[in-house]
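Colleague: Sequence first, then the predicted structure, then my questions.
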Amino acid sequence: PAIEAQASGAGLRRGGLSLGRFALAATLRGGTGRITAEASGNRGRGFTLTAAADVTPDRYRITAAGMVDRRAITLAAPAIVTRSGDAWQLSPVTLGFSGGEAQLSGRLAGAALALEARVARMPLSLLDLAYPGTALSGSASGTLSYSAVQDAAPTGRMAMTVRGLSRAGLVLASQPIDLGLAGVLTPGKLGLRAVMASGGKTIGRAQAQLSPEPTGDVLERLKTAPVFGQIRYDGPADSLWRLTGIELFDLSGPIAIAADVTGRVDDPRISGALRARGARIESARTGTVLTNVTGAGSFAGSVLRIDAVTADAGKGGRVTGRGAFDFAAEHGFGIDLQLQAARAVMINRDDIGATVSGPITIRSDGDGGVIAGDVQLDASRYRLGQAIATAAVPRLNVREVNLPGGEDAVERAPGKPWRLDIRARAADGLEVSGL
């Protein structure tokens, strides 16, 4: 049989993948010929890829190159896939990206799958293609193996070193740390160990053991598996905090954690304690800066309860309170804080500022939230010029073309907005400037 085919299109979507433009062409006669493909799109990072395969009944020779996040990604040599009986085998092939490389090989025979991977200085930004919004920086080196056979639990092994692990928030990037990871997957167990270091000093250790069911989808079995884990950490808070993805405020400074984890992966039960002394909380949205933050708390189930916290808030200002963080909230990371302000600078933006006294609450189920309170304005200001300048910007009807992900690129669903519900009394009036 002979095949002559061409296809092209734009705006193709599947799940979180968006192909802005794509083109395919195939010329095959008797199972021999050539297939070419081009695609550009977006999945966490913009990409453009071209590939070609020279095909015979028992052998594929594949070349590919492209750009990911405006950085070149290439195959050092063509990938060779050969067939022997009912098995297909990928010979070792090396992928290069931004100074790093990954060597991959594998074998697929019916329902049996075996994979081997070795990476060296591979940038973590590639993870955004699989998990959009990860936004990690750093590079990984190490080895990974995985083997699965039908009706049998998979096995595998991992040994990985991550250098300069960091994640940027709205205010600052977290202090980079080095991370060593080791894992072993057997039919009935998954064991993991991690060591964290900064400046040549060990700042944390963690270990976990999961006991998944012997059959079923691998990811689902791991998600519902019973777990026992331990973490001991004494280092910069921002290195852990920014991994949560919470952007309402930023936490930095020294922190110590000792916690044990039981329950299931999707329903953890945590026990232990947390202590912070001399930490800093900063919000880019409100301009709030709390310094000399001191607090202590304990874990109960999936909730971290902060029994008492104190902080300086501007010159002579003070904030005290208590609260809780829920790691298994309905939409991710829950917050329930009750604070008492005393002449505290809680809003300090270019357009508005407020020094307040009184109770303030912050609550969230992980998707939006409410900041509420009943406060006295000890000092307050509002600058009219900022608001008018913003309002004066005209609204233009703009149609963008040739986007990396195409005109119909899939975007992450926006979260719910935070709401403000504060009753404020200004006995000395409100200072208004501008115009």
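Modeller: That came through, no problem.
Colleague: Please enumerate the strands of the stretch 1-150 of the chain.
Modeller: Remark: strands assigned in the stretch 1-150 of the chain by DSSP state E, counting those that start in this stretch are 2-14, 17-29, 32-43, 45-56, 59-68, 71-75, 79-84, 87-97, 100-109, 112-123, 136-148.
Colleague: any chance of the ones you listed in CSV, with mean pLDDT, mean neighbour count and distance to Ser198 too?
Modeller: The way it works is simple: take the backbone N, C-alpha and C, and place the C-beta from them, glycine included. Listed next are those as CSV, based on pLDDT from 0 to 100; neighbours: other C-beta atoms under 10 Å; distance: least, C-beta to C-beta, whole Å:
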stretch, mean pLDDT, mean neighbour count, distance to Ser198
strand 2-14, 87, 12, 40
strand 17-29, 88, 17, 36
strand 32-43, 91, 18, 32
strand 45-56, 92, 17, 27
strand 59-68, 94, 16, 29
strand 71-75, 92, 15, 27
strand 79-84, 94, 15, 38
strand 87-97, 94, 16, 26
strand 100-109, 94, 16, 22
strand 112-123, 94, 17, 19
strand 136-148, 93, 17, 13
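Colleague: which residues of the stretch 301-435 of the chain fall in helices?
Modeller: 384-391 (DSSP state H, counting those that start in this stretch).
Colleague: quick one: low-confidence ranges for it?
Modeller: The model of the stretch 301-435 of the chain has pLDDT under 70 over residues 331, 385-415, 435.
Colleague: Turn the strands of the stretch 1-150 of the chain into CSV, columns for distance to Trp418.
Modeller: Shown next, in CSV, are the strands of the stretch 1-150 of the chain (distance: least, C-beta to C-beta, whole Å):
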stretch, distance to Trp418
strand 2-14, 30
strand 17-29, 28
strand 32-43, 27
strand 45-56, 28
strand 59-68, 33
strand 71-75, 35
strand 79-84, 48
strand 87-97, 37
strand 100-109, 38
strand 112-123, 33
strand 136-148, 25
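Colleague: Out of the ones you listed, which is closest to Thr320?
Modeller: Between Thr320 and those, the shortest separation by C-beta to C-beta is 35.1 Å, and it involves strand 136-148.
Colleague: For that closest one, what is the distance to the chain centroid?
Modeller: On the basis of C-alpha atoms, centre = their mean, to the nearest Å, strand 136-148 sits 17 Å off its chain's mean C-alpha point.
Colleague: and for the next helix or strand after it, what are the contacting residues?
Modeller: Moving toward the C-terminus from strand 136-148, the next helix or strand (DSSP states H and E) is strand 155-167. By C-beta atoms under 8 Å, 6 or more residues apart in numbering, the surrounding residues in contact with strand 155-167 are 119, 121, 124, 135-148, 173-187, 239, 242-243.
Colleague: Note down every partner strand of strand 155-167 and its orientation.
Modeller: strand 136-148 (antiparallel), strand 177-185 (antiparallel) (DSSP bridges).
Colleague: Let me have those in TSV, extended by distance to Lys315.
Modeller: Listed next are the strands paired with strand 155-167 as TSV, based on distance: least, C-beta to C-beta, whole Å:
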stretch	distance to Lys315
strand 136-148	36
strand 177-185	34
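Colleague: mind checking which of the ones you listed is nearest Gly334?
Modeller: strand 136-148 (23.5 Å).
Colleague: which residues touch that closest one?
Modeller: Applying C-beta under 8 Å, 6+ apart, the contact partners of strand 136-148 are 100, 112-125, 127, 154-168, 173, 176, 181, 185, 218.
Colleague: With stretch 416-433 instead?
Modeller: Here stretch 416-433 makes contact (C-beta under 8 Å, 6+ apart) with 248, 285, 354, 356, 360, 364, 367-385.
Colleague: Buried residues, it. List them.
Modeller: Within stretch 416-433, the residues scored as buried using 16 or more other C-beta atoms under 10 Å are Ile422.
Colleague: Next one: Leu289 from Leu19, what distance?
Modeller: Not quite, residue 289 is Val, not Leu. Applying C-beta to C-beta, to the nearest Å, the value for Val289 to Leu19 is 44 Å.
Colleague: Check Ala276 too.
Modeller: Separation of Ala276 from Leu19 (C-beta to C-beta): 46 Å.
Colleague: and what of Ala427?
Modeller: Computed as C-beta to C-beta, the Ala427 to Leu19 distance reads 60 Å.
Colleague: Could you do Ala135 as well?
Modeller: In terms of C-beta to C-beta, Ala135 sits 22 Å off from Leu19.
Colleague: Likewise for Ala111?
Modeller: Distance of Ala111 to Leu19, computed by C-beta to C-beta: 30 Å.
Colleague: Name the residue closest to the centre of this protein, please.
Modeller: Thr134 (2.8 Å; C-alpha atoms, centre = their mean).
Colleague: Kind regards, and thank you for your time.
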